[in-house]
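[1] Build me a structure from this.
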Amino acid sequence: MSILTSHANHAKGCLGVGKMTMLRMTKALRVAIYARYSTDLQNPASIADQVLLCRDIIEKNFPGAVIVRVGEDAAISGATMERPGLVDLLSEIAEGRVDVLIAEGLDRISRNLGDMARIHHLCRNSKCRIFTGHEGEVSDLHIGFKGTMNAMFLADLKEKVRRAHRASVLAGRAVSSQAYGYRVVRGVTDERGRYVNGLREIFEPEAAVVRRIFELVADGVPVRSVVRILNDEGIASPSGKQWGAPSIIGSKARQAGILNNELYRGRIIWNRTRLVLDPQTGRRRYLINDASEHVIQEAPELRIVDDELWQRARETRRTMPAEFGAKVGRSKRRNPDLEHNPGNVAYALTGLVRCGACGGVKTLANARRYLCDTYRKTRDCKNARGMRDDEVAERLFAALISDLHEVSNLKATVKKLAAEAEAERLKREAEIQDLKARVNRLVELTETGGLSVEAPGRRIAELEQRIRELTKFARTPNLKLSEAEMKELLRVALAEIARNVGDRRLADPVRAALAKIVHRVTLTPILEQKTGVEVSFAFKEGGWAALYCHIFDAWPGVDRTEFEAG
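    Next up is the predicted model:
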C-alpha cells in the first residue's frame with residue numbers, strides 16, 4: 001500500500017465520507033495580476049513595482065493561491081479600454097479561468113466610471129472577485145464611490161494639462177510632437193533650474209524640403225508629382241520612409257499635413273481639435289473645435305515659409321481641388337499615370353525639367369522627349385512642344401561648366417557647410433550616447449526581472465532604429481585644398497556625372513548629385529516660331545559648395561583617395 005493510499009484511508013475512517021468529499025473538491029485559488037502606468041514620461045519600472053506589491057497582497061490574503069496570469073499595459077491611459085493586457089485578462093475572466101483579480105488600486109484597472117462598472121459586472125457574473133492594495137475587497141460601494149472619484153480625478157487632471165498647454169503655447173513653446181522641419185532644443189532651464197520643454201528650432205536640411213514642397217505646389221505641380229520628385233531624389237519623409245500624398249495633403253480641418261501646418265508660417269495654433277472616446281466602442285476619435293476656441297501665438301523665429309509663398313500655395317490648392325482629394329495616394333495598385341515612363345524606370349533629370357508655359361513638371365514621353373505632364377493628361381496647358389533628353393542634358397552640362405568657372409567664395413562656403421555638418425554630427429553623437437544609455441537601462445531591467453520581456457521590447461526597437469538613423473551623417477570634406485583645386489575636383493566630378501547621366505542604373509545617384517546645385521531646367525515655347533523651345537536654367541545659391549561636400553560622401557564614380565583629409 002502506498003503512503004498516499006494509507007493517508008486517504010485514514011482520513012476516510014476519521015472524517016467520514018462527506019468530509020472526505022469536501023477535501024477532495026478543495027482547489028487552489030486562481031489569481032491574476034494587472035499592472036499599468038499612463039505615459040512614456042513615467043518610470044517603466046512602475047510595472048515591476050506594482051507586480052511586486054500584488055504578489056505581497058497574494059501572500060498575505062490568499063496563501064497557496066496560484067498566479068495564472070499577469071496583465072501589463074505600459075504607457076496607456078486608464079481612460080480607455082483599448083489596452084491589450086487588460087483585454088486579454090478580461091477574456092480569461094469571462095471564460096471562468098480566474099477567481100480573483102489583483103491590482104494596486106481601482107485606478108490601475110480603470111479611471112472611467114462606466115468602464116469600471118462594466119468590468120465589475122463581468123467579474124461578478126464570472127464569479128471573479130476584485131481585490132486591490134488600496135481598497136481591499138472591492139464591493140458595489142467601492143465601484144460607485146471610487147469610480148466617481150477616479151473619474152473626477154481624470155477630469156481635473158485633463159483640465160490641469162489643458163491649462164499647462166495653453167500657458168506653454170502663449171509662451172511660444174510647442175505642446176505637440178516635433179514637426180518636420182524642426183528639432184527639439186534641449187538643456188534650457190528656467191529661473192528655478194527646471195528644464196524647459198516644448199522649445200523648437202528650425203532644422204535647415206528639412207526646412208529646405210518644406211520650402212521646396214510649397215514652391216512646387218505654388219507653381220502648380222500636382223501633389224502626386226511632388227511625391228514622385230521627393231522619392232526619386234531619395235529624400236526621406238517625416239516617418240523616415242518614402243513620401244506619400246497624405247503626409248503632404250493631410251487634413252485641412254485638423255490642420256494636419258505639411259501644406260496645412262501654420263507653424264511653417266510662424267504661428268502656433270492649439271486647441272484646433274479635441275480627442276474623445278466613443279462610449280459605444282471605446283475608440284478614440286477627433287472632433288473639430290470652433291475657431292473661436294483656438295489659441296494662436298505668433299512665433300516668427302519658427303517661420304520657414306513666408307506669407308507670399310504660403311498664400312500662393314493655398315490659392316493654387318483652391319483652384320486644383322481634384323489634386324488634393326482624400327483618396328490621393330491611398331491605392332495599393334500601381335497607377336501607370338503616376339510613373340515617369342512606361343517602363344517604370346526613373347531618369348536622372350526627372351523632376352528638374354519644367355514647362356515654361358504652365359510651370360508644371362515635364363516628364364519623358366514618346367521618343368525620349370520631355371513633354372508637359374499637364375498637357376499630356378488634361379490639356380489644361382497648351383504647350384505641346386518638347387525636347388529630347390540627350391539635348392537637354394547636353395545644354396545643362398554646358399551651362400554648369402560655364403557657371404563653375406564664374407563661381408566665387410567656394411572655399412568659404414564649403415567651410416561654412418562643413419562647420420554646420422560637424423556641429424550636427426556632434427549633436428547626433430550626444431543624442432546617440434543618451435539613447436544607448438536608455439537602451440542599456442531597459443535591457444538591465446529586463447535581465448534582472450524588473451520588467452517582462454514584452455513590456456520594453458517595442459521601446460528598445462524604436463530607440464535602436466533612431467540610433468541607426470542618427471549614425472547616417474555625411475563625411476567631412478577635405479578643407480586643405482585651394483579654391484582652384486576644389487573647382488578642379490568639381491570639374492572632374494561633373495564630367496563623371498555627365499558620362500553617366502543616361503545610365504538608368506545610376507539615375508538615383510546622378511539625380512541626387514544634380515539636385516544639390518540645379519533648381520530647375522525650364523523649356524519655354526518660342527512663341528514667334530511654329531516649333532522650338534528656349535532652355536533656361538536656375539541654379540541654387542551655394543549649390544557648388546553643397547555638391548563639393550556631397551561627392552565626398554555619396555558619389556561612387558569619383559576617386560577620392562588623393563583628396564581625403566590628412
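
[2] The residue nearest to T413 when sequence neighbours are not counted: neighbouring residues, count only.
    Spatially, and ignoring its direct neighbours in sequence, T413 is nearest to A545 (3.7 Å; CB to CB, 6 or more residues apart in numbering). (C-beta placed from N, C-alpha, C; glycine too.) By the criterion of other CB atoms under 10 Å, A545 has 26 neighbours.

[3] what do you get for N409?
    N409: 12 surrounding residues under other CB under 10 Å.

[4] Backbone dihedrals for it, please?
    For N409, the backbone dihedrals (degrees, to the nearest 10) come out as phi 60, psi 30.

[5] for S126, same thing?
    Main-chain dihedrals, S126, degrees, to the nearest 10: phi -90, psi 10.

[6] Return the distance of it relative to R274.
    Between S126 and R274 the computed distance is 36 Å (CB to CB, to the nearest Å).

[7] So for these two, which sits in the more crowded spot?
    Comparing S126 with R274 by neighbour count (other CB under 10 Å), the higher total belongs to S126, at 17 against 12.

[8] so the more buried one makes contact with A94?
    Yes: the pair S126 and A94 passes the contact test of CB atoms under 8 Å, sitting 5.7 Å apart.

[9] Sketch out the low-pLDDT regions of the stretch 51-200 of the chain for me.
    By pLDDT under 70, the low-scoring segments of the stretch 51-200 of the chain are 146-147, 150-151, 153-158, 160-162, 164-166, 168-169, 171-172, 174-176, 198.

[10] Could you pull out the strands in it for me?
    Here the stretch 51-200 of the chain has its strands, by DSSP state E, counting those that start in this stretch, at 66-73, 100-103, 129-132, 136-137, 182-184, 200-202.

[11] now for the fourth one, which elements pack on it?
    Applying 3 or more CB pairs under 8 Å, 6 or more residues apart in numbering; DSSP states H and E, we find strand 136-137 packed against strand 129-132.

[12] Just give the strands next to the strand it packs on in its sheet, each with its orientation.
    Partners of strand 129-132 in the sheet, by DSSP bridges, are strand 100-103 (parallel), strand 136-137 (antiparallel).

[13] isn't the residue nearest to T413 right next to L417, touching?
    Yes: using CB under 8 Å, A545 makes contact with L417 at a distance of 5.4 Å.

[14] returning to what we had before: please tabulate the strands paired with strand 129-132 in JSON lines, including the columns mean neighbour count.
    Shown next, in JSON lines, are the strands paired with strand 129-132 (neighbours: other CB atoms under 10 Å):
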{"stretch": "strand 100-103", "mean neighbour count": "25"}
{"stretch": "strand 136-137", "mean neighbour count": "12"}
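
[15] moving C-terminal of the longest helix anywhere in the chain, what's the next helix or strand?
    For the chain, the helix reaching the highest residue count under DSSP state H is reported as helix 410-447. The helix or strand immediately downstream of helix 410-447 is helix 454-470, counting by DSSP states H and E.

[16] Which helix or strand lies directly C-terminal to that following helix?
    Counting by DSSP H and E, the element after helix 454-470 in chain order, helix or strand, is helix 483-500.

[17] measure L29 to Q50 for me?
    20 Å.

[18] And the two? Which one has more around it.
    Neighbours were tallied for L29 and for Q50 using other CB under 10 Å; the higher tally belongs to Q50 (23 against 16).

[19] Does that one lie in a helix or a strand, and which?
    In the assignment (DSSP H and E), Q50 maps to helix 45-61.

[20] Surely R354 touches T524?
    No: applying CB under 8 Å as the test, R354 and T524 come out as separate, 9.4 Å apart.

[21] Give the residue from the two that has the larger number of neighbours.
    Higher neighbour count among R354 and T524: R354, with 26 against 15, using other CB under 10 Å.

[22] shaky segments in the stretch 351-500 of the chain?
    Judged by pLDDT under 70, the stretches of the stretch 351-500 of the chain that qualify are 366-367, 445-458, 472-476.

[23] ok, back up a step: hey, which of the strands of the stretch 51-200 of the chain is tucked in deepest?
    Most buried of those by mean neighbour count (mean count of other CB atoms under 10 Å) is strand 100-103; its value is a mean of 25.

[24] Okay, helices next: where are they in the stretch 151-300 of the chain?
    Using DSSP state H, counting those that start in this stretch, the helices of the stretch 151-300 of the chain run over 204-218, 223-232, 245-249.

[25] about what we covered before: which strands or helices does the helix holding Q50 pack on?
    strand 30-36, strand 66-73, strand 100-103, strand 129-132.

[26] before we move on, back to that, now do the longest helix of the chain against helix 204-218, angle only.
    Counting by axes from the mean of the first three to the mean of the last three CA atoms, to 10 degrees, helix 410-447 lies at 110 degrees to helix 204-218.

[27] gap between helix 410-447 and the chain center?
    Remark: helix 410-447 is offset 19 Å from the chain centroid, using CA atoms, centre = their mean, to the nearest Å.

[28] and what of stretch 477-492?
    Centroid separation for stretch 477-492 versus its chain: 38 Å, with CA atoms, centre = their mean.

[29] tell me which residues in it are buried?
    When burial is assessed from 16 or more other CB atoms under 10 Å, stretch 477-492 yields the following buried residues: 477-478, 481, 486-487, 489-490.

[30] With stretch 385-401 instead?
    So for stretch 385-401, counting by 16+ other CB under 10 Å, buried means 385-387, 389, 392-393, 396-397, 399-400.

[31] Could you pick out which of those residues are located in strands?
    Cross-referencing these against strands under DSSP state E gives M387.

[32] Dump the buried residues of stretch 385-401 into CSV; add distance to D115 as well.
    Below are those laid out as CSV (distance: CB to CB, whole Å):
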residue, distance to D115
R385, 67
G386, 64
M387, 66
D389, 63
V392, 64
A393, 65
L396, 64
F397, 67
A399, 68
L400, 66
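
[33] Next step: the buried residues of stretch 385-401 restricted to helices.
    Within those, membership in helices is found for 389, 392-393, 396-397, 399-400, as judged by DSSP H.

[34] ok now do the residue lying closest to N197 once chain neighbours are set aside, which residues does it touch?
    Excluding the flanking residues, the one nearest N197 by CB to CB, 6+ apart is R173, at 7.2 Å. Shown in contact with R173 (CB atoms under 8 Å, 6 or more residues apart in numbering): 196-200.

[35] Pick out the residue nearest the middle of the chain.
    With distances taken as CA atoms, centre = their mean, S239 lies nearest the centre of the chain, 4.1 Å away.

[36] if I read this right, that residue contacts Q465, doesn't it?
    No: the criterion here is CB under 8 Å, and S239 misses it with Q465 at 11.0 Å.

[37] returning to what we had before: nearest to R314 among the helices of the stretch 151-300 of the chain would be which one?
    Nearest of the helices of the stretch 151-300 of the chain to R314, taken as CB to CB: helix 204-218 at 8.7 Å.

[38] who touches the closest one?
    Applying CB under 8 Å, 6+ apart, the external contacts of helix 204-218 come out as 180-182, 223, 225-226, 229-230, 235, 248, 258-259, 264, 304-305, 309-310, 312-313, 316-317, 420.

[39] can I assume the residue nearest to T413 sits in a helix?
    Yes: counting by DSSP: H, G, I helix; E, B strand; the rest coil, A545 falls inside a helix.

[40] how close does it get to E95?
    68 Å.

[41] same deal with L463?
    Shown here: L463 relative to E95, a distance of 37 Å by CB to CB.

[42] More neighbours: which of these two?
    A direct count of neighbours by other CB under 10 Å for L463 and E95 places L463 higher, at 17 against 9.

[43] ok, that one - contacts?
    L463 is in contact with 435, 438-439, 442, counting by CB under 8 Å, 6+ apart.

[44] quick revisit: ok, which of the strands paired with strand 129-132 comes nearest R379?
    Closest approach to R379 among the strands paired with strand 129-132 (CB to CB): strand 100-103, 67.5 Å.

[45] which outside residues touch the closest one?
    Contacting residues not belonging to strand 100-103 are listed as 29-35, 50, 54, 57-58, 62, 65, 89, 93, 109, 123, 128-133 [CB under 8 Å, 6+ apart].
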